[in-house]
Structures are given as structure tokens and as C-alpha cells.
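K.L.:
Need a 3D model of the sequence below.
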Amino acid sequence: MTTETRLSDYRTHYRRDAEFIEDPATLHPVRSASERRRLQTIRRALRLQRGELLLDMGCGSGWFAQLCHEVGAHVVATDIAPAGVAGARDRFPTAARFAVTDAYHTALADESFDAVVLSEVVEHLDDPGAGLAEAARVTKRGGRVLVTVPYRETIVDHLCVHCNQLTPANAHLHSFDDEGLCEVLASVGLQPVHTHHMTNKLLELAGFPNISRRWPYWLWRVIDGLSNRLMGKSAFLLLVAKRV
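P.N.:
Residues are numbered from 1 along each chain as shown. Prediction:
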């Protein structure tokens, strides 16, 4: 089955999916601690300055928008699902200007943002290049686009009990490594400048995020980074690119 066939009605799928977005406050302690570290890493990699304008494309629960608001960024947070955007706004009412938009057609002005982030979004897009081209379009020249994706994910299709069609687990359509993601970014005028592997899978299984939740960020990052280099079991790839 082709990607086009599977995603013929992607808007309806993600509008339905948004009804099941988990509130960060209700996450299991290990998952909550892991997600907080992941979002901290993304925010630090962006190097946001107070007053900068950030677009969070595919804002999900709204947690990342809130973290960026806390350091003085002005945030526009978008998602395709009205229910998802409403939920994010209810959780974090002062974090951002929330809006319902499609990643392929945001209706935002050209070159209007200092930075754009797509965190766990690109692997869901049937056309990653088109989504990243839209991100590039709304980014100021010299601005940055940050993307995170699962690293070298093995995508497994399951037979849907409702439609009897093969459906990719977690609605992930693409698997990326450093080279593949760099190629897509470069193809739309984004120059990769920094890559980082984060969240060691073996440490996750051992409950390390919860054990280290009160540690300073730098200590957690050193251990996570060393583990990824020694074991090669990073869960996520982070890439920062410059709009040229």
C-alpha cells in the first residue's frame, strides 16, 4: 500500500488522534522525566533569546511552548487538530498564541520567525520535504529550524482491526538517520549546522530519567551522551539547520 493511499484523509486521522493527547501532568513518572529532559535539550539547542519569535509546528500538548515562554520567547504554537489546540491552550493559556494550521499550508507570513521547531512531526508527514519547505518559508534568513525525529526507527505495519488495511505503528511513515534528515533539509534551503543524539534507550528501560530527575541538566546530558556514544542506542535525533 502506498503512503498516498494510507494518508488520503490525514486531517481526519490527526483530528481524531488529538483527542488522545496526554496531559503532561498525568504522565507516568519515568515518561514525564524523560520528556522533560528531551524538551530541555531542544530548548537549549535553539539558543532562544528573550523576545525572539518562535513557531512550534505540531505543538501537541503545549508543554514545549510553555517551556519556551518561560525563558522569554514569544511563541506561536500550531497544530492541525482543533481539539488538540484547544487542549494545549487550556493547559498553558499564557504560553503562546495558539492556532489551527496544516503543516503544509500555515498561512503565516514569509520570513516572520526567528526560529521554528518541528518536534516529533516530520516522521508523520507523507511529504517531509513539503512540510520542511513551509518551515523554511516562514523562517527569517539566518534564522534556525530545529527538527527532532526518532532515530533509525524500525517502522512496523499492523493490520487495522477496523479497516483491515496495513497501518504504521504510531502513524510514523519515515525513518531517519543523520544523513537522510540532512539531505531533506538541504533540499529546501536549510543548511544543517548541528546534530545531536539523545535519550538512551537502555537507560530509559532502567528508569534512569526518573532516578536522575532532580540532577542538574548538565550531569544528565553527560551521562546520556556518553551512553549513546558507547552503546549506540539513542532514541532521538536532533538537528538544527540555518535558513540560507
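
K.L.:
Packing partners of the longest helix along the chain?
P.N.:
If each helix of the chain is counted by residues according to DSSP state H, the longest one is helix 29-46. Counting contacts by 3 or more C-beta pairs under 8 Å, 6 or more residues apart in numbering; DSSP states H and E, the secondary-structure elements packed against helix 29-46 are helix 63-70, strand 113-119, strand 139-150, strand 190-200, helix 208-211, helix 217-231, strand 234-243. For the C-beta atoms, the positions are set from N, CA and C on the backbone; glycine is no exception.

K.L.:
out of the ones you listed, nearest to L181?
P.N.:
In terms of C-beta to C-beta, the element of those nearest to L181 is strand 234-243, at 5.4 Å.

K.L.:
any idea how far R97 lies from T154?
P.N.:
Shown here: R97 relative to T154, a distance of 38 Å by C-beta to C-beta, to the nearest Å.

K.L.:
Do you know the pLDDT at the residue nearest to the spatial centre of the chain?
P.N.:
Closest residue to the average C-alpha location of the chain: S119 at 0.9 Å, with C-alpha atoms, centre = their mean. According to the per-residue confidence, S119 scores 96 in pLDDT.

K.L.:
Pretty sure it sits against G58.
P.N.:
Yes: S119 sits in contact with G58 when judged by C-beta atoms under 8 Å, with a separation of 7.0 Å.

K.L.:
What residue in the protein is the furthest from its centre?
P.N.:
With distances taken as C-alpha atoms, centre = their mean, the residue sitting farthest from the centre of the chain turns out to be N164, at 29.4 Å.

K.L.:
Quick check: bridge partners of the nearest residue to Y151 once chain neighbours are set aside?
P.N.:
Residue nearest to Y151 in three dimensions, not counting chain neighbours: L237, with 4.2 Å by C-beta to C-beta, 6 or more residues apart in numbering. Judged by DSSP bridges, the bridge partners of L237 are V149, H197.

K.L.:
How about the contacts made by L237?
P.N.:
By C-beta atoms under 8 Å, 6 or more residues apart in numbering, the residues touching L237 are 148-151, 176-178, 181, 195-197.

K.L.:
Repeat that for Y104.
P.N.:
Under the criterion of C-beta under 8 Å, 6+ apart, the contact partners of Y104 comprise 125, 127, 130-131, 134.
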